[in-house]
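1. Below are the sequence and a predicted model; questions follow.
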Amino acid sequence: MLSDMRAENLSPLRWPAWAWLSALSLIFFIRFPINFILYAPFLMDFDVYRAVSIRLVGGGASALYDPTSTAVMMFKYAPFWALVWIPLAWLPPHAGAILWATKTVAWLILACAGAQWLCAKAGVRAPAWLAVAIVSLLVR
């Protein structure tokens, strides 16, 4: 009987939010930045922001809003975040992609942790695994 209660408490459906966030972090860090260390990634948005960052660093700020093309398509939008991503211009593309993926995963985990904190403050009770279920819908 005691072993049944222990098994029930170890069930992933009963994990606390911190355990789910830790599992989600591990999965995403393995899937993205660590995987990108081994294999060259294709990141369309990264290519756009890096190209615009190179323009800014190279004195081409007047071309900030000019179209930017990747291997797949051409983009034209206001890349305000290019200012934040200027370090991408100084890194080789592969290293920049790893940095991009690492920061993106970290922001996603922080957003999930923040959402969990807000729900706890508001008294909203949802199962801790719900964040993983929602995020899994966003991943292809």
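-> The structure has been received and is ready for your questions.

2. neighbours of residue 108, just the number please.
-> A count of nearby residues for residue 108, using other CB atoms under 10 Å, gives 17. Heads up, the C-betas are built off the backbone N, CA and C, glycines and all.

3. Return the set of buried residues in the host helix or strand of it.
-> Assigned by DSSP states H and E, residue 108 falls within helix 93-122. The neighbour-count check on helix 93-122 (16 or more other CB atoms under 10 Å) flags 96-102, 104-105, 108-109, 112-113, 115-116 as buried.

4. For residue 17, give its distance to residue 62.
-> Separation of residue 17 from residue 62 (CB to CB, to the nearest Å): 48 Å.

5. Now do the SS call for residue 66.
-> Classification of residue 66 by DSSP: H, G, I helix; E, B strand; the rest coil places it in coil.

6. Tell me how many other residues surround it.
-> 11.

7. Use 48 as the first number from now on
-> Sure, I'll start numbering at 48, so the last one becomes residue 113.

8. Phi, psi for it please.
-> phi -70, psi 160 (degrees, to the nearest 10).

9. Could you pull up the contacting residues of residue 71?
-> Neighbouring residues of residue 71 by CB atoms under 8 Å, 6 or more residues apart in numbering: 156, 159, 178-179, 182.

10. Output the below-cut-off pLDDT ranges for this protein.
-> 48-61, 117-120, 123-127, 175, 186-187 (pLDDT under 70).

11. And the closest residue to residue 72 other than its chain neighbours, how close does it get to residue 130?
-> Among residues not flanking residue 72 along the chain, residue 156 sits closest, at 4.9 Å (CB to CB, 6 or more residues apart in numbering). Residue 156 is 24 Å from residue 130, where distance means CB to CB.
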